[in-house]
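> sequence first, then the predicted structure, then my questions.
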Amino acid sequence: MRSKQSRRIILVLILGAGIWVSLIGRLFFIQILHRGEYRQRSQDQHLCESTLKAQRGVIYDRDGAKLVCNLPVKSYYVDPTEVKNLQRIGANFARLLKRSSRHIIQSLDMESTFVWLIRMTEPKVSQLIDSWNIAGVFSLVEMKRFYPCRQLGCQVIGFTDVDNKGLEGLELQFDDVLRGRDGWAVMQRDAHGRRIPLTEYPREEPRDGYSLVVTIHAVYQTIAEQELARGIQKTSAKAGCVILMDPATGEILAMANEPQYDPNSPSTAHQECRRNRAITDIFEPGSTFKIVAAAAALEEGVQNPDDLIYCEEGSMELCRTTINDVDEFGWLTFEQVIEKSSNIGIIKVANQVGEEPFFDYARRFGFGNLTGISLPGEVKGLLASPKTWSRLSLASMAMGHEVAVTSLQLVCAYAAVANSGTLMKPLIVRYVLDTRGNVVQEFSPSRIRRVISPKTAATLKSFLVKVVERGTGKLAAIDGLCVAGKTGTAYKLREDGSGFSRDRFMASFCGFFPAESPRLVGLVVLDEPRMPHSGGQAATPIFRRIAERILALPKGPCADLCLMVSQPDAAEQMVVVPDLSGLDKPTALVLLQKRDLAAQPEGEGLRVCHQQPQAGVLVARGETILMVLGNLAKRTTKDSKVPHVIGLTLREAIRQLRQNGLAATFAGSGLVIRQTPKAGSRVGQETVCKLECEAPSGGPDLMADASSRHRGMSEP
Amino acid sequence: MMDEKDRPDRVLLVATLLLVGVGIVMVYSSSVAVAELRYQTSSFFLKRHVLRALLGLLAMWVVMKTDYHRWQKLAGLGMLASVFLLLLVLLPRVGLKGSGTSENLSRRLHLVFVGFQPSEMVKLVVVFYIAKQMDRKNTQIGEFKKGLLPTICVVGLSLILIAFEPDLGTALVVTMLVFTMFMVVGVRWIHMMGMGAFSAAATAMMIRCVPYCRRRVLSFLHPDWDPNGAGYQIKQSLISLGSGGIFGIGLGNSRQKLLFLPEPHTDFVFSILGEELGFLGAMAILTLFLLVAWRGLRAARCAPDRFGFLLGVGITTMIFVNMAVNVAVVTRMCPTTGLTLPFISYGGSSLLFNLIGVGILLNLSRQQRSRGSVGRKGSRPCVY
């Protein structure tokens, strides 16, 4: 009995031991013999290489205002394996996505664990989605490209796709620079797909994209866009474009195109609105092109400004084609040919120049060639070589037909005239900055070539001043400032190619100011303006309004021109910044308070040693003036003698008053007819003198500005 | 009755305490991610497990101090209560949904405050019942009708109820208990073989006819057939164990517990243990179980009487078979059964009754020396 039990218990023991050994054997098999294979499978499902997104660079305007930035927004995706109620997802998102519930459910790939639902939602929408709290719907923070100024400069800046890849404009051109370099990291993943970064695995940190500082001035751009839109509305034009440029450096200060779109939702924009017409669209410029023939004639010495040209009483037969002028001109001087924009006159001038030289000058001005601006999609325009010309070609080209130019080429050519004959390469991007603001790359102004001599340029300038003073560009005239420019009105070609349309025009005006030392070149082009349709009537007023508004600005590249605007309402809003240097703090504060200006004192010290903005600058009421306090000798406030300014132009009067430490407000326009306080009286510094002006009768502007213009001419 | 110098088996006690300790650590390590996901606190399962472990150890201590003969009278009553509870579980509403598998199982009872799993209790009660019956029918063991059939009928009834839950793992353990105890008590081979043949036929029937069993077996044979069900679980379990290698990837470093392996803290805690502590750690745990089994059988052989002997063998078998089946499941040696790893898996009922079992073994070990060869009927000297 006992032995039987002992035997049986030993049997149980053996059985148990056998089981134990087999378990150990199995573990040995799995954990030691096959460990590599299982490790691999484990890694495959746990580890995933995850991209660490680099943040895209920002685009600043020339003053550092952000034109584009990045906004963290929520995107939503579905993990179908986690979904409990498909119908609910369908029903809730149907309204948001404007698609049927069934469609949404069908689009969910049940095999995968990641399906985008809606990307880059607005905060309101994401709050709504969060409040639903649907199982299986997860959110992810992505950086959305955000254009805070909305449509401002949209065709220049461009936009990106949903993955932040540049598609148009600067975003496309500088995509590599802006994008930066994505990094990667090995992430641990749980079965729900959630990721946990692992520190012990290798990773490559992302390098954020570089930022751009563009030459665009946001305020100028705004003004240009607003005035262009207004002008287009007024003239019922189809489209239009404005370019403002600094002639000395080639910097583009504004590049406006109408119609516009909102780059925050580019998908809704029509293709028509997206392209940067200023560089992608070519047109026959018409009379604005006449400067080529004029410049060639002057430079080659075949014509003098005072040479008389017979203009055939407004009609001329040439190769069985009748050329007409707008008026029946008889004998005109060369200067008047430009001034009155006589087609017949300029054809005769061009004939004297000859085919080859004319073509050569057109090429030298940059027509028929890329300007080399750093924007995508620029076209060359059309400028046929003389070999292919017909007998009528030279005549057509002299008037600005049979050539096709881009707006940018045209503005560059005028900038060359303004810049004493030197053609500059147009600049749109000034600096590339890294994330810390260090300059990585700088684009300096670069001259392309000398097109004409300074003397020729000066003569041409005087022609263009006449155009504005007496000729077709009268509407561009600005009080107290010498504006030069040229209008252009060209019949558009019929779309079917059967000659010119009778009622569709391209109206343009290209000008610059101040003529003596130009600071700003501007071009306005209107596509098919209806009423009025000519360059002089449709495009020129837009130029003037832009110029006036720019000149009224207290800041910006042209702020030192500091012209008192002839808009009384604007003048009311503006005050002159007093000179605070050397004043003690309380006095300075009182002085500022009197003029409705706020003060921001900085530094320790008794007296003001620096101020921003400078004294004499016009600023809006309520503006804050920064004053840096230091230890400076007390300024002796001495009285000033009010100079005699009656009879002077407003501009000259203000200059003289400022020389004596006086500021001025004014009413009216033209010449100063009254001044208070009286000339010769002694007043305290920073006294504001009131000037009354009146437009004199009979060619007064000419006289008034004669002195200043002459000075401008004699210092090329 | 008992002298104070009658010390319990230290080896058994230490091995058990070690296993419980490892269990606490492993339950915490493996449940972190699941607890975070479900309850937002990583220590959710740890707290409960520690509480239950303390409760279990208290029960063990009480049982250890109590003469095991006191329980003899309760065996029949316990059997009755077990059957009642098993019936109760089958009622809808009372049974809690088993959290262990994806199947809609009702294995747990909601008793007052805590979930309670009757099948864990049934195993221990069956041991007592068989030990008592065999002890009483000492002389009739050779006869099938008089000696074995009543016992087989009662146990068979509970087996059917268990299988109905369905809890195949417990059914398997109970069957193993019956066989082992019948074997050591000296049932004739012919009876043993008959019972074996009957069990095999019943098992085959179950697999053929019950869809649930069929699925289990199929997913065991073809793990890719049901990737999100049991087959997926087994695959993930193997990945866990395999990626552990010899030394493991370090305590707390398991990646499989990041929701890849379902229920990493209950039935599949051994996979996580194998992943974090490697082959050496897994072997250490299996060695501790071997130690428990060895000391348990030793206590049984030295038990003062036949009842104690059978009790010791039964309890040891219960613990060992439970462990073996669990490890076999996670290493894909047999189909998924839903058995826990004794002492280590999270789960109050399992921990409690296994510790009570160890308490009885410890009580046995205390009684063997003082009684030694002077025992009552059928006593044996200690062999080891």
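Happy to help now that I have it. Numbers count the residues shown, from 1 in each chain, chains lettered A, B, ... in the order given.

> chain center to stretch A:40-48, what's the gap?
Relative to the mean C-alpha coordinate of its chain, stretch A:40-48 is positioned 50 Å out (C-alpha atoms, centre = their mean, to the nearest Å).

> which single residue of chain B approaches chain A most closely?
B:G242 (2.3 Å; C-beta to the nearest C-beta). Bear in mind the C-beta positions are built from the backbone N, C-alpha and C, glycine included.

> quick check: which element contains that residue?
helix B:230-244 (DSSP states H and E).

> alpha carbons only: can I get that helix in CSV?
In CSV, the C-alpha atoms belonging to helix B:230-244 read as follows (Å, rounded to 0.1, in the frame of the first residue of the first chain):
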residue,chain,number,x,y,z
ALA,B,230,-7.0,35.5,-29.0
GLY,B,231,-4.5,34.9,-31.8
TYR,B,232,-3.4,38.5,-31.6
GLN,B,233,-3.0,38.2,-27.9
ILE,B,234,-0.8,35.2,-28.2
LYS,B,235,1.3,36.7,-31.0
GLN,B,236,1.9,39.8,-28.8
SER,B,237,2.8,37.6,-25.9
LEU,B,238,5.4,35.8,-27.9
ILE,B,239,6.8,39.1,-29.1
SER,B,240,7.1,40.2,-25.5
LEU,B,241,8.8,37.1,-24.3
GLY,B,242,11.1,36.9,-27.3
SER,B,243,12.2,40.5,-27.2
GLY,B,244,13.2,39.9,-23.6
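
> in it, what's buried?
B:230-244 (16 or more other C-beta atoms under 10 Å in any protein chain shown).

> measure the residue nearest to A:P426 when sequence neighbours are not counted to A:I10 for me?
Once flanking residues are discounted, A:P426 sits nearest to A:I373: 4.5 Å by C-beta to C-beta, 6 or more residues apart in numbering or on different chains. Separation of A:I373 from A:I10 (C-beta to C-beta, to the nearest Å) stands at 98 Å.

> the longest helix in the chain is where?
Using chain A here. Longest among the helix segments of chain A by residue count, using DSSP state H, is helix A:2-28.

> that's the wrong chain, I wanted chain B
For chain B, assigning by DSSP H, the longest helix comes out as helix B:269-301.

> name the next helix or strand downstream of that one, please.
Past helix B:269-301, the next helix or strand by DSSP H and E is helix B:306-330.

> now that following helix, how far from the chain's geometric center?
Remark: helix B:306-330 is offset 7 Å from the chain centroid, using C-alpha atoms, centre = their mean.

> packing partners of that helix?
Judged by 3 or more C-beta pairs under 8 Å, 6 or more residues apart in numbering or on different chains; DSSP states H and E, helix B:306-330 is in contact with helix A:2-28, helix B:118-136, helix B:168-185, helix B:230-244, helix B:269-301, helix B:348-371.

> could the ones you listed go into TSV alongside mean pLDDT and distance to A:K238?
Rendered in TSV, the data for the helices and strands packed on helix B:306-330 read as follows (pLDDT from 0 to 100; distance: least, C-beta to C-beta, whole Å):
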stretch	mean pLDDT	distance to A:K238
helix A:2-28	88	82
helix B:118-136	89	86
helix B:168-185	90	82
helix B:230-244	85	65
helix B:269-301	93	72
helix B:348-371	85	82
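
> okay if I get these as TSV plus distance to A:E602?
TSV is the format used below for the helices and strands packed on helix B:306-330 (distance: least, C-beta to C-beta, whole Å):
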stretch	distance to A:E602
helix A:2-28	76
helix B:118-136	80
helix B:168-185	81
helix B:230-244	64
helix B:269-301	62
helix B:348-371	72
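
> out of those helices, flag the one nearest B:L339.
Ranking the helices and strands packed on helix B:306-330 by proximity to B:L339 (C-beta to C-beta) places helix B:168-185 first, at 3.6 Å.

> okay, that closest one in PDB with CA atoms only?
Taking Å, rounded to 0.1, in the frame of the first residue of the first chain, the C-alpha atoms of helix B:168-185 are listed here in PDB:
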ATOM      1  CA  LEU B 168     -12.200  25.800 -19.600                       C
ATOM      2  CA  GLY B 169      -9.000  26.600 -17.700                       C
ATOM      3  CA  THR B 170     -10.600  25.900 -14.300                       C
ATOM      4  CA  ALA B 171     -12.300  22.800 -15.700                       C
ATOM      5  CA  LEU B 172      -8.900  21.600 -16.800                       C
ATOM      6  CA  VAL B 173      -7.400  22.200 -13.400                       C
ATOM      7  CA  VAL B 174     -10.200  20.500 -11.600                       C
ATOM      8  CA  THR B 175      -9.900  17.500 -14.000                       C
ATOM      9  CA  MET B 176      -6.200  17.400 -13.300                       C
ATOM     10  CA  LEU B 177      -6.900  17.500  -9.600                       C
ATOM     11  CA  VAL B 178      -9.200  14.600  -9.700                       C
ATOM     12  CA  PHE B 179      -6.800  12.500 -11.700                       C
ATOM     13  CA  THR B 180      -3.800  13.400  -9.600                       C
ATOM     14  CA  MET B 181      -5.500  12.800  -6.300                       C
ATOM     15  CA  PHE B 182      -7.100   9.500  -7.500                       C
ATOM     16  CA  MET B 183      -3.700   8.400  -8.700                       C
ATOM     17  CA  VAL B 184      -1.800   9.100  -5.500                       C
ATOM     18  CA  VAL B 185      -4.600   7.600  -3.400                       C
END
